[in-house]
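Chemist: no sequence on this one, just coordinates:
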């Protein structure tokens, strides 16, 4: 898995990343590796993170303030938790030049678009975005340049968005290796509720349920986790602040999908109680086909057990 | 990950494996690689599987009938689905020599012990077992010799079991690389309900819920699965017959754990509805520690995203 070679001429002048965690630092690395911007600028509210970004050498400039960061910016990408988007937008708003593009990488788009529109001035292009990529690790050291390669990056431009601005942002994501798709904020939030948010919630939940059982010790849960449980612990190790904000900000879609999940689960529970083996067998057969499709379109490895190294 | 070198002298004379799928074929391969038995005998009810085992060359003898397979057997390991254990025991019962050990690898122990005891004669040692290891693939080609290495294999001997027979079976599993633990059938079935059975059920369930959503196309679910969903599709691709039998035969423990899971999930749902961010944050922080422990005891890789190759 490698990136294409660097461009002879950058796509844009100043690319500014606000919030340098897993995603923010991966954008810096991907854009840096391919020389996508004349100047790569990083800002993080935490002084320790700014210092670490300086040490890592993944930005041309590490700004000391949001104002300094976004001065003369062509594209600004907010990579802060969804709940912090409003404050970040407020901090940069007075310092943006007209025609600048402001985007983000939040896993929720409706609430973020509302927050950005509340704070950003006329003349700035607001084009929310969401690269569907990540790992269970957090922070500036966790990022890597190929994170977005062969992954989908969703843009949710408002209906009156400037096509040229959308094209420029699309070009940036494409150059970082992503496939770009556009859709409405509402549809994004529903699609992600089923493909990401509810899966995370049930993973967090089963790990919590296991930890709370009185009759089974935590040590037993850990020892025998290879039976299936440990798969769930991976996404249940994801950043707590980010995920709290996702659930608080995509409430309606999450509750809708969760309601269906629970309804289906209770039907399975009933099938088990009444020994309706055919119902179980029918579902267990149907679900295999979906994994095959995910492997076929190159979004998953076919190696057994994710090909993981065995301790 | 390698096995220890072959033994100079086998641990036992005839080791018989009945049912040659992922687990059965892995036992043949592990025992073969280390010369653990004088003669390795395989039997499967399906003629095509018997032929394939012959082609693979992983057994010294491929028996044509259960009677032929278990004649003069020292240890017989039943590797058929839990619901087929009774019939398998019935088929071999008249042909076992006194003092033979009959074990199994089923993911449920209470129902299996009852089924074996109903069919096997006095003088045969019944010692149910369960290696907590596997992949999402099935069949004789899916097995490999190191599957049990550094995994736990649970034995559930009855209280009046012959200590010498338990020691011989323990020795066999240890020689295949497993760590052996003994516990009661009841405790096993509860531990596995939380570490394996309910995780599989909720994985199957979320994949089914996703497939049934009207507002989100199946193609969207597949495209954006990297957001978390695809992790669940792995175990939801496991063998349908095996898993149907698990749920039908470990009903009580599964319903008990499932009840707690649902209760906890409804509490989370309520926390989302009422925007109780602190409750979400507290759980999401607590669950991280469990993954760290699983990695620390060598049951999981620390590599991001399971270290999987990215398509």
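Modeler: It's in. These numbers were taken from a predicted model, which means no experiment stands behind them. Residues are numbered from 1 along each chain as shown, chains lettered A, B, ... in the order given.
Chemist: Now residue A:68: closest residue in space, sequence neighbours ignored.
Modeler: Nearest in space to residue A:68, with sequence neighbours left out and distances taken as CB to CB, 6 or more residues apart in numbering or on different chains, is residue A:43 at 7.7 Å. Bear in mind the C-beta positions are built from the backbone N, C-alpha and C, glycine included.
Chemist: now swap in residue A:223 and tell me
Modeler: Using CB to CB, 6+ apart and skipping residues adjacent in sequence, the residue nearest residue A:223 is residue B:152, 5.6 Å away.
Chemist: For that neighbour, what are phi and psi?
Modeler: Backbone torsions for residue B:152, taken as degrees, to the nearest 10, come to phi -90, psi 140.
Chemist: Isn't it up against residue B:177?
Modeler: No - the criterion here is CB atoms under 8 Å, and residue B:152 misses it with residue B:177 at 11.1 Å.
Chemist: which residues of the stretch 1-150 of chain A fall in helices?
Modeler: Taking DSSP state H, counting those that start in this stretch to define them, one finds helices in the stretch 1-150 of chain A at A:22-33, A:47-56, A:66-70, A:85-92, A:110-119.
Chemist: Make CSV out of those and add mean neighbour count and mean pLDDT.
Modeler: What follows is the helices of the stretch 1-150 of chain A, written out as CSV (neighbours: other CB atoms under 10 Å in any protein chain shown; pLDDT from 0 to 100):
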stretch, mean neighbour count, mean pLDDT
helix A:22-33, 25, 98
helix A:47-56, 15, 98
helix A:66-70, 19, 98
helix A:85-92, 21, 98
helix A:110-119, 20, 98
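Chemist: how close does residue A:167 sit to residue B:260?
Modeler: Residue A:167 is 51 Å from residue B:260, where distance means CB to CB, to the nearest Å.
Chemist: hang on, the earlier thing: right, and the residue nearest to residue A:68 touches residue A:16 too?
Modeler: Yes - counting by CB under 8 Å, residue A:43 touches residue A:16, with 7.1 Å between them.
Chemist: shared neighbours of these two, anything?
Modeler: Both residue A:43 and residue A:16 are in contact with A:63, A:69, where contact means CB atoms under 8 Å, 6 or more residues apart in numbering or on different chains.
Chemist: any idea of the pLDDT on residue A:311?
Modeler: pLDDT recorded at residue A:311 is 49.
Chemist: for the stretch 151-300 of chain A, which spans come out with low pLDDT?
Modeler: By pLDDT under 70, the stretch 151-300 of chain A has no low-scoring segment.
Chemist: Tell me which stretches of it form helices.
Modeler: A:163-175, A:185-192, A:198-212, A:218-223, A:229-235, A:240-249, A:251-273, A:277-296.
Chemist: Format those as CSV; extra columns: mean neighbour count and distance to residue B:51.
Modeler: Formatted as CSV, these follow (neighbours: other CB atoms under 10 Å in any protein chain shown; distance: least, CB to CB, whole Å):
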stretch, mean neighbour count, distance to residue B:51
helix A:163-175, 17, 51
helix A:185-192, 22, 46
helix A:198-212, 24, 41
helix A:218-223, 19, 38
helix A:229-235, 25, 34
helix A:240-249, 23, 51
helix A:251-273, 18, 36
helix A:277-296, 18, 24
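Chemist: can you redo those helices as JSON lines with distance to residue A:59?
Modeler: Formatted as JSON lines, the helices of the stretch 151-300 of chain A follow (distance: least, CB to CB, whole Å):
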{"stretch": "helix A:163-175", "distance to residue A:59": "16"}
{"stretch": "helix A:185-192", "distance to residue A:59": "29"}
{"stretch": "helix A:198-212", "distance to residue A:59": "29"}
{"stretch": "helix A:218-223", "distance to residue A:59": "39"}
{"stretch": "helix A:229-235", "distance to residue A:59": "29"}
{"stretch": "helix A:240-249", "distance to residue A:59": "21"}
{"stretch": "helix A:251-273", "distance to residue A:59": "34"}
{"stretch": "helix A:277-296", "distance to residue A:59": "34"}
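Chemist: Any idea which of these gets closest to residue A:79?
Modeler: Ranking the helices of the stretch 151-300 of chain A by their distance to residue A:79 (criterion: CB to CB) puts helix A:240-249 first, at 10.3 Å.
Chemist: quick one, that closest one and helix A:185-192 angle?
Modeler: Orientation check (axes from the mean of the first three to the mean of the last three CA atoms, to 10 degrees): helix A:240-249 against helix A:185-192 gives 120 degrees.
Chemist: does any part of helix A:240-249 sit near chain B?
Modeler: Yes - residues of helix A:240-249 are located near chain B by CB under 8 Å from any CB of the partner chain, namely A:240, A:241, A:243, A:244, A:245, A:247, A:248.
Chemist: show me the contacts for residue A:230.
Modeler: Contacts for residue A:230 were tallied using CB under 8 Å, 6+ apart; they are B:291, B:294, B:299, B:300.
Chemist: what does residue A:101 give?
Modeler: By CB under 8 Å, 6+ apart, the residues touching residue A:101 are A:74, A:75, A:76, A:124, A:125, A:127, A:165, A:168, A:169.
Chemist: hang on, the earlier thing: give me the subset of the contacts of residue A:230 touching chain A.
Modeler: B:291, B:294, B:299, B:300.
Chemist: Quick check, the third one in contact with residue A:226.
Modeler: Which is residue B:299. Yes - in this structure residue B:299 lies within contact range of residue A:226 using CB under 8 Å: 5.6 Å.
Chemist: neighbour-wise, which of those two wins?
Modeler: Taking other CB atoms under 10 Å in any protein chain shown, residue B:299 and residue A:226 do not tie; residue A:226 has more neighbours (23 against 20).
Chemist: For the contacts of residue A:230, name the two members farthest from one another.
Modeler: Maximum pairwise distance in the contacts of residue A:230, criterion CB to CB, is 10.4 Å, between B:291 and B:299.
Chemist: Contacts only, for residue A:182.
Modeler: For residue A:182, the contact set (CB under 8 Å, 6+ apart) comprises A:154, A:155, A:156, A:157, A:166.
Chemist: now swap in residue A:33 and tell me
Modeler: Counting by CB under 8 Å, 6+ apart, residue A:33 touches A:3, A:6, A:145.
Chemist: Can you turn the buried part of those into a PyMOL selection?
Modeler: Burial among the contacts of residue A:33 is assessed by 16 or more other CB atoms under 10 Å in any protein chain shown; the matching PyMOL selection reads:
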select buried, chain A and resi 3+145
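Chemist: The contacts of residue A:33 into a markdown table, with extra columns for pLDDT and distance to residue A:211?
Modeler: Formatted as a markdown table, these follow (pLDDT from 0 to 100; distance: CB to CB, whole Å):
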| residue | pLDDT | distance to residue A:211 |
| --- | --- | --- |
| A:3 | 87 | 40 |
| A:6 | 96 | 47 |
| A:145 | 97 | 36 |
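Chemist: ok, the contacts of residue A:33 vs residue B:113, which is closest?
Modeler: Closest to residue B:113 out of these is residue A:145 (54.4 Å), distances taken as CB to CB.
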